[in-house]
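>>> Give me a 3D structure for the following:
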Amino acid sequence: MPLTKQAFSADGNVDEYILSNNRGTRVHVTTWGARLTRFLVKDKNSVRRDVVAGFETYEQWQDSLLIDDPYFGATIGRVAGRIHPCDSVTIAGRQCALPEIQPNKVCLHGGRLGFDKKLFTATDASTEHAAAVRLVYVSPDGEEGFPGEIELSVTYSLTDDDSLAISYHGELTKGGESILNPTNHTYWNLTGFEEPTVLNHICSLPATHVMATHLDRPMIPTGQLQSVIGTALDFASLPRKFGDRIDDFDDKVLCGYDHVYATSTAPTDHLRQVACVWSELSGIRLTVMTDQPALVMYTGNWISDKLVGKYGVRYGKHAAVALETQRFVNAVCIPEYRDQVLLRPGDDFVHSVVFRLDTVE
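You can find the predicted model right below:
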């Protein structure tokens with residue numbers, strides 16, 4: 001399968017790899033942040049649409065960060081999601097102070113300069129069945145307050161059935177203990193942004209529980225699981241549009257979906273379908289399969305309308321949806337789930353997710 005490379009930055013230091021298949025589908029991935037920047041696929045009328053958010057060049061991406069940082073397409077790490085309280089996290093037998101990214105001692109998405117802003121080293125990992133690129137980053141001991149040196153590889157593979165597999169492998173290369181919980185933060189709009197929001201997208205999620213959150217800190221999980229059946233969070237009983245009940249949420253706190261769905265209570269040894277989203281306009285359907293226990297569904301509630309991306313598209317509130325597979329959020333601070341994210345010498349951290357695209361009438 002073909003894999004090609006082109007410059008993504010003006011100085012040539014950042015590369016963009018293009019994965020192609022026999023259907024004419026193309027996936028673009030950059031060495032900066034191991035980001036998924038384009039996913040061009042045919043709709044029900046054989047019109048090619050780019051169904052992910054992003055920017056044309058590295059320089060445009062840097063300019064966008066001065067306005068807002070929704071983490072478009074990024075590999076998130078060391079730890080995805082929120083950690084609270086971030087000033088007293090016990091790892092390797094000592095208290096670690098992680099950067100406060102949000103108020104009230106909350107570290108978010110690996111810190112100020114997480115994996116999403118690091119330069120990865122790329123190699124061709126293609127086979128006769130898939131175009132693939134393997135991206136590697138070594139995070140030094142103490143980076144963003146996290147102990148231990150970690151090597152993370154992220155491999156993107158595109159097959160002829162329009163399935164994009166992302167495989168993560170991590171190991172602790174120095175130190176006695178650390179934590180790791182990466183994810184991919186791609187935002188999807190299956191109309192190729194012909195519709196400016198995903199409110200008309202239809203969603204089906206088999207998960208019947210989400211991680212409960214603190215009453216006074218509604219974004220911080222408690223460790224308890226609560227049923228979604230019959231609530232605005234219920235996409236298990238019947239598929240429905242995101243817009244059907246999105247106004248049920250407090251417009252000052254959530255402003256939409258930003259919830260941790262429990263697809264299991266621990267990582268599994270096989271892939272399971274955890275989400276299916278489709279657009280009636282384009283007919284494009286996205287199916288998500290993973291071996292991870294959590295799916296964070298985020299409907300881009302706070303994306304700035306000042307961001308202008310590829311093809312001159314102006315993004316904004318609910319412009320796209322992120323479907324982030326991972327271990328449980330804040331697991332390091334929740335005793336019953338802490339082992340999910342701990343990484344010790346000799347451990348082989350694995351995480352697999354497949355985003356499969358097809359069309360329905």
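>>> Can you tell me what sits against the host helix or strand of residue 63?
Element membership of residue 63 [criterion: DSSP states H and E] is helix 58-65. Residues from elsewhere that reach helix 58-65, judged by CB atoms under 8 Å, 6 or more residues apart in numbering: 8-10, 14, 30, 32, 54-55, 307, 309. Any C-beta I mention is one placed from the backbone N, CA and C, and that applies to glycine too.
>>> okay, how far is it across stretch 45-64, tip to tip?
One end of stretch 45-64 sits 33 Å from the other (CA to CA, to the nearest Å).
>>> Average pLDDT for that stretch, rounded please.
Averaging pLDDT along stretch 45-64 gives 98.
>>> Okay, buried residues for that stretch please.
In terms of neighbour count (16 or more other CB atoms under 10 Å), stretch 45-64 has its buried residues at 49-55, 57-58, 61, 64.
>>> Could you do stretch 146-166 as well?
146-150, 152-159, 162-166.
>>> same check, this time on stretch 33-48
Applying 16+ other CB under 10 Å to stretch 33-48 flags 33-44 as buried.
>>> Would you mind giving the residues you listed as a markdown table with distance to residue 281 and secondary structure added?
Compiled in a markdown table, the buried residues of stretch 33-48 are given as follows (distance: CB to CB, whole Å; DSSP: H, G, I helix; E, B strand; the rest coil):
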| residue | distance to residue 281 | secondary structure |
| --- | --- | --- |
| 33 | 30 | coil |
| 34 | 31 | coil |
| 35 | 26 | coil |
| 36 | 22 | strand |
| 37 | 23 | strand |
| 38 | 20 | strand |
| 39 | 17 | strand |
| 40 | 17 | strand |
| 41 | 14 | strand |
| 42 | 14 | strand |
| 43 | 8 | coil |
| 44 | 9 | coil |
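>>> which two in these are spaced the farthest apart?
33 and 44 (32.0 Å; CB to CB).
>>> now the strands for the stretch 151-300 of the chain?
163-174, 178-179, 183-185, 187-188, 202-204, 209-213, 221-227, 240-241, 258-262, 272-278, 284-290, 294-298 (DSSP state E, counting those that start in this stretch).
>>> and the third one, how far from the chain's centre?
Its chain's average C-alpha position is 2 Å from that of strand 183-185, according to CA atoms, centre = their mean, to the nearest Å.
>>> The least confident helix or strand in the chain by mean pLDDT pairs with which strands, parallel or anti?
Using mean pLDDT, DSSP states H and E, the weakest-scoring helix or strand in the chain turns out to be strand 94-96, at a mean of 93. Strand pairing for strand 94-96, determined by DSSP bridges: strand 89-91 (antiparallel).
>>> how distant is the strand it pairs with from the center of its chain?
24 Å.
>>> can you list contacts of it?
Outside strand 89-91, the residues touching it (CB under 8 Å, 6+ apart) are 83, 95-98, 146-147, 177-179, 332-333.
>>> 6 Å - rerun?
Strand 89-91 is contacted by residues 96, 98, 147, 177, 179, 332 when judged by CB atoms under 6 Å, 6 or more residues apart in numbering.
>>> residues near the residue nearest to the fourth one when sequence neighbours are not counted, how many?
Read that as residue 177. Leaving aside its sequence neighbours, residue 177 sits nearest to residue 92 (CB to CB, 6 or more residues apart in numbering; 3.9 Å). Counted with other CB atoms under 10 Å, the neighbours of residue 92 add up to 16.
>>> swap in residue 67?
11.
>>> And for the one 4 residues further on?
Applying the criterion other CB under 10 Å, we find 24 residues in the vicinity of residue 71.
>>> pLDDT value on residue 1, please?
pLDDT, residue 1: 63.
>>> residue ranges with poor pLDDT in the stretch 1-150 of the chain?
Low-confidence segments of the stretch 1-150 of the chain, defined by pLDDT under 70: 1.
>>> same thing but 90
1-2, 88 (pLDDT under 90).
>>> what ranges do the strands span in it?
3-7, 15-20, 26-30, 36-42, 48-50, 74-76, 82-83, 89-91, 94-96, 107-108, 121-124, 130-139, 149-159.
>>> Tabulate those (JSON lines), appending distance to residue 324.
Shown next, in JSON lines, are those (distance: least, CB to CB, whole Å):
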{"stretch": "strand 3-7", "distance to residue 324": "26"}
{"stretch": "strand 15-20", "distance to residue 324": "21"}
{"stretch": "strand 26-30", "distance to residue 324": "17"}
{"stretch": "strand 36-42", "distance to residue 324": "12"}
{"stretch": "strand 48-50", "distance to residue 324": "20"}
{"stretch": "strand 74-76", "distance to residue 324": "8"}
{"stretch": "strand 82-83", "distance to residue 324": "12"}
{"stretch": "strand 89-91", "distance to residue 324": "21"}
{"stretch": "strand 94-96", "distance to residue 324": "24"}
{"stretch": "strand 107-108", "distance to residue 324": "13"}
{"stretch": "strand 121-124", "distance to residue 324": "23"}
{"stretch": "strand 130-139", "distance to residue 324": "18"}
{"stretch": "strand 149-159", "distance to residue 324": "14"}
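>>> if we can go back for a sec, could you redo the contacts of strand 89-91 as JSON lines and give each row distance to residue 232?
Below are the contacts of strand 89-91 laid out as JSON lines (distance: CB to CB, whole Å):
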{"residue": "96", "distance to residue 232": "36"}
{"residue": "98", "distance to residue 232": "32"}
{"residue": "147", "distance to residue 232": "40"}
{"residue": "177", "distance to residue 232": "39"}
{"residue": "179", "distance to residue 232": "32"}
{"residue": "332", "distance to residue 232": "29"}
